[in-house]
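Trainee: Quick check, what structure comes out for this input:
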Amino acid sequence: MPKVKVPALRPIALASLIANVGLIVTGAAVRLTDSGLGCPTWPRCTDGSYTTTSAMGVHGVIEFGNRLLTFVLGAIALACLVVALLDRPRRRRQVRLSAAVLLGIPGQGVVGGITVLTHLNPWVVGLHFLLSMALIVAAYFLWRSTYEGDGTPIPLVAPPLRHLTALTVLASAAVIVLGVVVTGSGPHSGDNGAKRNGLDPASISQAHADAVFLLIGLTIALWFALRAVGARTPARAARTLFVVEMAQGLIGFVQYFTHLPVALVAAHMLGSALVWTATLSVLWSIRERPAHPQPAVPEPAAVVQQPVPAS
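Mentor: Numbering: from 1, shown residues only. Here you go, the predicted structure:
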């Protein structure tokens, strides 16, 4: 059996997705080690140097290392765009998605700079995190586009199930946003002198937990509904989302009742990216996108035999 040719863009797009998830983890390391102002200015690390200095210590190394990762993400995103442009036939959707990821990375850097210049304002820090989630959307869609064509999307489930899927996606987004607000009210500010958002941690944590329970309920309902109609691939995606939610929920409850140990907070931030990615997988699975239909080749005109007159 001949091997199926893997599109050149696929592994690079997957690397872009992984790198954007990795940025969330390194960002967590910056915040959880109180290294948010390890480089106290931007775009330079110090007033006299673009790189960290020995005087900045380990906090400067951690913060500067996180800044360097932005260039790695940019290089991968640029590679995606170049491959998408060189691909034949060129797929405009992949070019647009590659460009979106590439343009989002310097935007992320600017927001990161504003974060430093505002001395880790919790709302700006939250925006920095949410922009990472938006980049994950673009990177995920780019990667999955390498498995399908560019034809008109064809729904695989009935409208009620599509609506239930949309509600699940909205609930997942709400959980992430509320989680950001919880983080802004908690003790891990990224620097000992950074301000908090002033909200009551217990109250906002309860709102976050309520949204989590709603998300889990919607996921279970979606999973069983998809199984009932025999939509195997979407049902598997919903099941995976449920498993990831359970793991993330367990980490969340343990970290809350153990007073937010650094290791569990870092795992919870990684888990938030995985929950969001699993949510996108469910959304992707309820439709398929075939290749553009090929134009029909006209049949050769039939030759009409003229009757031969009798001699």
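Trainee: Residue 171: how many residues sit nearby?
Mentor: By other Cβ atoms under 10 Å, the residues close to residue 171 number 20. Placement of C-beta: from N, CA and C, glycine included.
Trainee: Could you check how far it is from residue 242?
Mentor: To residue 242, residue 171 is 13 Å away according to Cβ to Cβ, to the nearest Å.
Trainee: name the element the most centrally placed residue in the chain belongs to?
Mentor: Computing the C-alpha centroid of the chain and ranking residues by Cα atoms, centre = their mean puts residue 136 first, at 2.1 Å. Assigned by DSSP states H and E, residue 136 falls within helix 122-145.
Trainee: again with residue 107
Mentor: helix 92-117.
Trainee: Enumerate the positions of that helix that are buried.
Mentor: 94-95, 97-102, 104-105, 108-109, 111-113, 115-116 (16 or more other Cβ atoms under 10 Å).
Trainee: and the residue nearest to residue 208 when sequence neighbours are not counted, helix, strand or coil?
Mentor: Leaving aside its sequence neighbours, residue 208 sits nearest to residue 178 (Cβ to Cβ, 6 or more residues apart in numbering; 4.2 Å). For residue 178, the assignment made with DSSP: H, G, I helix; E, B strand; the rest coil gives helix.
Trainee: got a list of what residue 178 touches?
Mentor: Listed by Cβ atoms under 8 Å, 6 or more residues apart in numbering, the contact partners of residue 178 are 204, 207, 208, 211.
Trainee: now swap in residue 207 and tell me
Mentor: Neighbouring residues of residue 207 by Cβ under 8 Å, 6+ apart: residue 178.
Trainee: Would you mark the buried spots in the helix or strand where it lies?
Mentor: Residue 207 belongs to helix 201-228 when assigned by DSSP H and E. For helix 201-228, a neighbour-count test (16+ other Cβ under 10 Å) marks 201, 204-205, 208-209, 211-212, 214-216, 218-219, 222-223, 225-226 as buried.
Trainee: Kindly report the same for stretch 264-282.
Mentor: Buried residues in stretch 264-282, defined by neighbour count with 16+ other Cβ under 10 Å: 264-282.
Trainee: Show residues contacting that stretch.
Mentor: 17, 21, 24-25, 27-29, 32, 132-133, 136-137, 140-141, 165, 168-169, 172, 175-176, 179, 188, 222, 234, 237-238, 240-241, 244-245, 247-248, 251-252, 254-255, 258.
Trainee: now residue 57, nearest residue through space, not along the chain?
Mentor: In space, and not counting its chain neighbours, residue 57 is closest to residue 38: 7.8 Å by Cβ to Cβ, 6+ apart.
Trainee: rewinding a little: identify, from the contacts of residue 178, the entry nearest to residue 88.
Mentor: Closest approach to residue 88 among these (Cβ to Cβ): residue 211, at 45.7 Å.
Trainee: If anything else comes up later, I'll come back, but that's it for now.
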